[in-house]
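1. coords below, sequence missing:
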């Protein structure tokens, strides 16, 4: 049968409040926590967590909402202070994007790399897509919807964005509000 292994504070994880999980090419499981940084698991063992106030990272805070891992190994983390790009091979391995870089809002709740290679970021005030070195707002909300937590790509390549007002489908130049 199946075997269930728990990675909780009793096993050395910094938190039990996990918000997202992804697997990188090296077989490391990355898990973001709501309150205590990033948990990494390799070959069934916990690696040292990544948290703020370490000499090896540029994280702005320990509260994470989401992550995605690009095919080339770059990891994107969404926080209340921005969307952080981590590339351990780069001269600046940690770069954070905020409104200054084109996000509708710094509070990044979901991130998605679609099949075409485009990176999407969901914030409290809208949806943005990375174009070159900055983001372009695709859909802007007139007010904070508070919770815009979901991003998904359907089989037709449409991007779905879910917030408290319902699901949105972004397809080409159209932004459709469905179910609202």
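-> Received, thanks. Small disclaimer: the values here were computed from a predicted structure and weren't measured. Residues are numbered from 1 along each chain as shown.
2. mind showing which ranges of the protein have poor pLDDT?
-> Applying pLDDT under 70 to the chain picks out residues 50-58, 142-147, 172-180.
3. and residue 66, how far is that from residue 1?
-> In this view, residue 66 and residue 1 are 32 Å apart by C-beta to C-beta, to the nearest Å. For the C-beta atoms, the positions are set from N, CA and C on the backbone; glycine is no exception.
4. quick one, which of the two is more surrounded?
-> Taking other C-beta atoms under 10 Å, residue 66 and residue 1 do not tie; residue 66 has more neighbours (23 against 3).
5. Now do the contacts for the more buried one.
-> Neighbouring residues of residue 66 by C-beta atoms under 8 Å, 6 or more residues apart in numbering: 19, 20, 32, 77, 78, 108, 109, 110, 111.
6. Going by neighbour count, which of those residues comes out on top?
-> residue 108 (29 neighbours).
7. beta partners of that one?
-> residue 123 (DSSP bridges).
8. That one and residue 32: what is the separation?
-> Residue 108 sits 11 Å away from residue 32, going by C-beta to C-beta.
9. where do the contact lists of those two overlap?
-> What both residue 108 and residue 32 touch, as defined by C-beta under 8 Å, 6+ apart, is the set 65, 66.
10. Of the contacts of residue 66, which is the nearest to residue 122?
-> residue 110 (3.9 Å; C-beta to C-beta).
11. residues contacting that closest one?
-> Contacts of residue 110 by C-beta under 8 Å, 6+ apart are 65, 66, 78, 121, 122, 148, 149, 150, 151, 161.
12. Check whether it sits in a helix, strand or coil.
-> Assigned state for residue 110: strand (three-state reduction, DSSP: H, G, I helix; E, B strand; the rest coil).
13. what ranges do the helices span in this protein?
-> Assigned by DSSP state H, the chain shows no helices.
14. If we ignore the residues flanking it in sequence, what's nearest residue 12?
-> In space, and not counting its chain neighbours, residue 12 is closest to residue 46: 4.8 Å by C-beta to C-beta, 6 or more residues apart in numbering.
15. what about residue 111, distance to residue 82?
-> Taken as C-beta to C-beta, the span from residue 111 to residue 82 is 11 Å.
16. just residue 148 next, same as before
-> 15 Å.
17. With neighbour numbers in mind, choose between those two.
-> Between residue 148 and residue 82, counting by other C-beta under 10 Å, residue 148 is the more crowded of the two (27 against 24).
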